[in-house]
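S.K.: Next one to model:
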Amino acid sequence: MIEATDFRNAMSLLTSAVNVVTTIGASGRYGFTASAVCSVTDNPATLLVCMNKGSYLHSYFVEHKILAVNVLSAHHQLISNVFSSKMNSTERFKHGVWTTLKTGAPVLADSLASFDCQIEQIQAVGTHDIFICRVIAIQQNRQDHSLVYFNRAYHHVGQAAAV
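M.R.: Numbering: from 1, shown residues only. As a prediction, the model looks like this:
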């Protein structure tokens, strides 16, 4: 059996894009920082987002059935920290400039990319739910550097390696 700490230590060496995942509904707007996001297929355009079922935000995402994945650029480290903090939702959304696309989920105006989605399926796996999300709108911005998380620290990626 793999020990949870061994698994987490090894996973810290898997470089991940940093995203803020948001939703909105009758109960308000909410968001959290996530690295467990990836594409499933391009036809139809589909993403998966993993979320801890123990998070106080979890029920809002399940209830609202929409979300936006906002891919953070290098200058968004503060926003990543804010959306992973104990700060309440009202305070979190005071950071950054927010807009919407089709679903109404909050979209960070200057993110590298934002994927506006409807949650089509939810699959429980251990402590997390996997949201299978149909992408219905995309916003892209031209920026040079992405914010990534590697070895428990933020890094900037953008310059291609020399061949």
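S.K.: Backbone dihedrals for residue 88, please?
M.R.: Per-residue torsions, residue 88: phi -70, psi 170 (degrees, to the nearest 10).
S.K.: quick one: it from residue 28, how far?
M.R.: With distances taken as Cβ to Cβ, to the nearest Å, residue 88 is found 10 Å from residue 28. Where C-beta positions appear, they are placed from N, C-alpha and C, glycine not excepted.
S.K.: So for the two, which residue has more residues nearby?
M.R.: Legend: neighbour count by other Cβ atoms under 10 Å for residue 88 and residue 28, higher for residue 28 (13 against 10).
S.K.: Name the nearest residue to that one, ignoring sequence neighbours.
M.R.: On the basis of Cβ to Cβ, 6 or more residues apart in numbering, the spatially nearest residue to residue 28 that is not a chain neighbour turns out to be residue 89, at 6.0 Å.
S.K.: quick one: pLDDT of the one you found?
M.R.: Looking at residue 89, its pLDDT is 96.
S.K.: residues touching it, list them.
M.R.: 28, 29, 30, 31 (Cβ atoms under 8 Å, 6 or more residues apart in numbering).
S.K.: so what's the backbone phi/psi at residue 80?
M.R.: For residue 80, the backbone dihedrals (degrees, to the nearest 10) come out as phi -60, psi -50.
S.K.: Can we start the residue count at 527 from this point?
M.R.: Right, with 527 as the first residue, what we last looked at is residue 606.
S.K.: Count residues in the vicinity of it, would you?
M.R.: Per other Cβ under 10 Å, the neighbour tally for residue 606 reads 20.
S.K.: check contacts around it.
M.R.: Neighbours of residue 606 in contact, by Cβ under 8 Å, 6+ apart: 544, 546, 559, 598, 673, 680.
S.K.: that's a strand at the third one, yeah?
M.R.: It refers to residue 559. Yes. Residue 559: assigned to a strand according to DSSP: H, G, I helix; E, B strand; the rest coil.
S.K.: out of everything not next to it in sequence, what's closest to it?
M.R.: Residue nearest to residue 559 in three dimensions, not counting chain neighbours: residue 610, with 3.9 Å by Cβ to Cβ, 6+ apart.
S.K.: Going along the chain, name the strands of this protein.
M.R.: Remark: strands assigned in the chain by DSSP state E are 542-543, 545-551, 554-560, 563-568, 571-578, 592-597, 624-625, 633-634, 639-651, 654-666, 672-676, 679-683.
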